[in-house]
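K.L.:
Pasting the sequence and the predicted coordinates here, then a few questions.
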Amino acid sequence: MNVAIVGIGIHPFGRHPGVSGLAQGAYAARQALADAGIGWADVECAFGGSLAAGNADTLVSDLGLTGLPFINVRNGCATGGSALAMADRAIRSGDHDLVMAIGFDKHPPGAFNADPEESGLGRWYGETGLMLTTQFFGMKIQRYMHEYGISAATLAKVAAKAFRNGARNPHAWRRKPLTEEEIANSAMVSHPLTKYMFCSPGEGGVALVLCRADQARRYTSRPVYLSAVSLRTRRFGSFEVFSPWLAPSPPGGRGGPSTEAARAAFETAGLGPKDVDVLQLQDTESGAEIMHMAEAGFCKDGEQEALIRGGATEIGGAMPVNTDGGCLANGEPIGASGLRQVYESVLQLRGAAGDRQVPGQPKVAFTHVYGAPGISSCAVLTR
Amino acid sequence: MTTLPEDKAVPVAEGLFTWPDRGADGGSSPRGEAEPGRPRLIGSTCTACATTTFPAQRSCPRCTGTDLRTGPLEQTGRLWSWTIQGFEPKPPYAADGPFTPYGVGYVELATEDGTGSVLVESRLTEADPARLEIGAPMRLTFISLRSDDSGAKVMTFAFGPAGPAGAATQIGEAP
């Protein structure tokens, strides 16, 4: 049983005082239902989550108490990707025909303050000032630049592209283009990454309606097929957020969960990175987008420098990356972030992405989320 | 640099490093340390696959073995990567005084018995990007985070540049 996405909905990302995360989720759900031309009562099963804005299943008191099975998903930065994977399996197994995947969140301003004990670490790790995702990103790209010759100028280029793309996206948070100089000269947050090279925790919601592929045309004339969605966690040796120690020379290399999740998704889809026309990669900060290009198999380590300088990752380039502005321009409401990538992919494959539409009628899209504590979810979508 | 204050200083947590009045296992054996006042980080090395962890663990995350040997790590090693923490972290970060940016890095340390090595994440005493370089020799020290309710200084481990002299004498032994 193959799976199609036939309805998509989004609540604008950003800051929305007075609007709860759940309300943003409900808004996205209604948009997705309308897009598929169905009502909430038609949805047979739902999977959803947020990290900081409440249990997704309480949405039923707003959307309707229809008695459907609704599973809360809480899986760190891969919450959205995990909800998508569960929705996919619910259809693929033959259990359900019409399923919703939903994610939303609402984080306070400023960096995340993670609880060491929730991540299986001693309290000392937080007390001594080591429990910051920003430090991990700084140290990972610092090492990567040292090993593979990526320049600080390229970090600024990635962020500049994100804000340019965000300016073309009506539901993005940061819609003002910034120059590479403004980005490079903004406050240093975690060397070598500056303020405008980091995304900010934010707010937003995304919902998707999925169905059996053979029934897709009941709901839309432009179905997008979910060819594969894969989820992986870290193996020994990979360099992950919140690691008090690392192995000096891991026998299997430092390939992380992103590498394995991407490989698995491509294998299931029977496609490869060269087949992909538009891709969304986790860009918690500029360096992450650069490293994830290689980890997900789109180039070799170090090739990013020339690819980005040559414009390959721009909307008109050979491998357009984060066409909606990514996390950098949209912020990161954790529960919604992974599903935003899928929303954007569906728009691009429908040819409905407006000012930021990738030219040439893209046929294959790829999405990738990554986050604490070393988890990744990748999807391949086709039309 | 690595001599601890004589009194009114306590480790931020038990088991991370040796302490003048505690043994090399971080507390369970009395005064077992060969050189009091020269504290060292305490790691564990798997007897089956030689994977070293910090802090010490009871099981091996690589081979799942449960026979691990706890022991001290060398005091010097090379900087593997680094960053500068540019803003004051939210709680549970707990430090006295006005915030100033601090360095954070991974330093490669061998076990003192030479059976393993590990990249240890640590505060750095240097916060100037111009003075931090991947591959540079680093040396263990201790810094005070805050005073606790009894007035004792709460100490944690940190690494600072070992300097050219340190490089000459120590680096030959580094992994």
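P.N.:
Received, thanks. Numbers count the residues shown, from 1 in each chain, chains lettered A, B, ... in the order given.
K.L.:
Now name the helix or strand holding residue A:82.
P.N.:
Taking DSSP states H and E as the definition, residue A:82 sits inside helix A:79-92.
K.L.:
next SSE after that helix?
P.N.:
Past helix A:79-92, the next helix or strand by DSSP H and E is strand A:98-106.
K.L.:
That following strand: partners in the sheet, and parallel or antiparallel?
P.N.:
Looking at strand A:98-106 with DSSP bridges, its paired strands and their directions are strand A:45-49 (parallel), strand A:203-212 (antiparallel).
K.L.:
How far away from the center of its chain is it?
P.N.:
Here the centre of strand A:98-106 is set off from its chain's centre by 13 Å, with C-alpha atoms, centre = their mean, to the nearest Å.
K.L.:
Return the residues in contact with residue A:357.
P.N.:
Shown in contact with residue A:357 (C-beta atoms under 8 Å, 6 or more residues apart in numbering or on different chains): A:315, A:348, A:351. In this view, the C-beta of every residue, glycine as well, is placed from N, C-alpha and C.
K.L.:
For the helix or strand hosting residue A:228, what does the pLDDT average out to?
P.N.:
Taking DSSP H and E as the criterion, the element that holds residue A:228 is strand A:224-233. Averaging pLDDT along strand A:224-233 gives 96.
K.L.:
Could you list every helix and strand in contact with it?
P.N.:
Applying 3 or more C-beta pairs under 8 Å, 6 or more residues apart in numbering or on different chains; DSSP states H and E, we find strand A:224-233 packed against strand A:3-14, helix A:79-92, helix A:257-269, helix A:334-350, strand A:375-382.
K.L.:
And the next helix or strand past that strand?
P.N.:
Using DSSP H and E, the helix or strand that follows strand A:224-233 towards the C-terminus is strand A:245-246.
K.L.:
Just the residues contacting that following strand, thanks.
P.N.:
For strand A:245-246, the external contacting residues (C-beta under 8 Å, 6+ apart) are A:237, A:239, B:43, B:52-55, B:80, B:106, B:118-121.
K.L.:
just to revisit the earlier point, so for residue A:174, which of the helices and strands packed on strand A:224-233 sits nearest?
P.N.:
When the helices and strands packed on strand A:224-233 are ranked by proximity to residue A:174, the top entry is strand A:3-14, at 8.3 Å, counting by C-beta to C-beta.
K.L.:
partners of the closest one, with directions?
P.N.:
Each strand that pairs with strand A:3-14, with its direction, by DSSP bridges: strand A:203-212 (antiparallel), strand A:224-233 (antiparallel).
K.L.:
after it, next one along is what?
P.N.:
Moving toward the C-terminus from strand A:3-14, the next helix or strand (DSSP H and E) is helix A:21-36.
K.L.:
so residue A:318 makes contact with residue A:312?
P.N.:
Yes: A contact is recorded between residue A:318 and residue A:312 when judged using C-beta atoms under 8 Å, the distance being 4.7 Å.
K.L.:
Quick one: residues contacting residue B:44.
P.N.:
By C-beta under 8 Å, 6+ apart, residue B:44 lies in contact with B:52, B:53, B:55, B:56, B:57, B:58, B:68, B:69, B:70, B:71.
K.L.:
Beta-bridge partners for residue B:158, please?
P.N.:
The partner list for residue B:158 in beta bridges (DSSP bridges) reads residue B:123, residue B:141.
K.L.:
any idea how far residue B:131 is from residue A:246?
P.N.:
The gap separating residue A:246 from residue B:131 is 23 Å, by C-beta to C-beta, to the nearest Å.
K.L.:
Of these two, which one has the most company?
P.N.:
Taking residue A:246 and residue B:131 together and counting by other C-beta atoms under 10 Å in any protein chain shown, residue A:246 has the greater number of neighbours (22 against 12).
K.L.:
all strands for chain B, in order.
P.N.:
Along chain B, counting by DSSP state E, strands occupy B:9-11, B:42-46, B:52-53, B:68-72, B:76-85, B:102-110, B:117-124, B:137-147, B:153-161.
K.L.:
which residues touch residue A:282?
P.N.:
With contact set as C-beta under 8 Å, 6+ apart, residue A:282 has these partners: A:77, A:258, A:288, A:289, A:292, A:327, A:337, A:368, A:369, A:370, A:371, A:376.
K.L.:
any idea what sits nearest it, other than its immediate chain neighbours?
P.N.:
Computed as C-beta to C-beta, 6 or more residues apart in numbering or on different chains, the closest residue to residue A:282 that is not its neighbour in sequence is residue A:370, at 4.3 Å.
K.L.:
Please write out the alpha-carbon positions of stretch B:44-56 in CSV.
P.N.:
Provided in CSV are the C-alpha atoms of stretch B:44-56 (Å, rounded to 0.1, in the frame of the first residue of the first chain):
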residue,chain,number,x,y,z
SER,B,44,36.5,4.3,32.5
THR,B,45,37.9,1.9,29.9
CYS,B,46,36.2,-1.2,28.6
THR,B,47,38.4,-4.2,29.2
ALA,B,48,36.9,-5.9,26.1
CYS,B,49,37.1,-3.2,23.4
ALA,B,50,39.3,-0.5,25.1
THR,B,51,36.7,2.3,24.6
THR,B,52,37.2,5.0,27.1
THR,B,53,34.3,7.1,28.5
PHE,B,54,34.2,10.3,30.5
PRO,B,55,32.6,10.4,33.1
ALA,B,56,33.1,6.8,34.0
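K.L.:
Give me the number of neighbouring residues for residue 110.
P.N.:
No chain was given, so I picked chain A. Using other C-beta under 10 Å, the number of residues around residue A:110 comes to 11.
K.L.:
hmm, I had chain B in mind actually
P.N.:
With neighbours defined by other C-beta under 10 Å, the count for residue B:110 comes to 20.
K.L.:
Check the one 4 residues further on too.
P.N.:
Other residues within reach of residue B:114, judged by other C-beta under 10 Å, total 10.
K.L.:
Pull up the per-residue confidence for it.
P.N.:
With respect to pLDDT, residue B:114 has a value of 93.
K.L.:
Next: residue B:168.
P.N.:
At residue B:168, the predicted lDDT confidence score is 37.
K.L.:
go on, residue B:4?
P.N.:
Reading off the confidence values, residue B:4 has pLDDT 52.
K.L.:
What of the one 10 residues further on?
P.N.:
The score at residue B:14 is 93. That number is its pLDDT.
K.L.:
Export the helices and strands packed on strand A:224-233 as a markdown table, with columns for mean neighbour count and mean pLDDT.
P.N.:
Converted to a markdown table, these look like this (neighbours: other C-beta atoms under 10 Å in any protein chain shown; pLDDT from 0 to 100):
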| stretch | mean neighbour count | mean pLDDT |
| --- | --- | --- |
| strand A:3-14 | 25 | 98 |
| helix A:79-92 | 26 | 96 |
| helix A:257-269 | 22 | 97 |
| helix A:334-350 | 29 | 97 |
| strand A:375-382 | 28 | 96 |
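K.L.:
Turn the ones you listed into JSON lines, columns for distance to residue A:130.
P.N.:
Rendered in JSON lines, the data for the helices and strands packed on strand A:224-233 read as follows (distance: least, C-beta to C-beta, whole Å):
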{"stretch": "strand A:3-14", "distance to residue A:130": "29"}
{"stretch": "helix A:79-92", "distance to residue A:130": "24"}
{"stretch": "helix A:257-269", "distance to residue A:130": "21"}
{"stretch": "helix A:334-350", "distance to residue A:130": "21"}
{"stretch": "strand A:375-382", "distance to residue A:130": "20"}
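K.L.:
Nearest to residue B:75 among those would be which one?
P.N.:
Distance to residue B:75, taken as C-beta to C-beta, is lowest for helix A:257-269 among these, at 33.9 Å.
K.L.:
tell me which strands and helices that closest one is in contact with?
P.N.:
strand A:224-233, helix A:286-295, strand A:364-371, strand A:375-382.
K.L.:
Run the angle between the first one and strand A:375-382 for me.
P.N.:
Here the directions of strand A:224-233 and strand A:375-382 differ by 160 degrees (axes from the mean of the first three to the mean of the last three C-alpha atoms, to 10 degrees).
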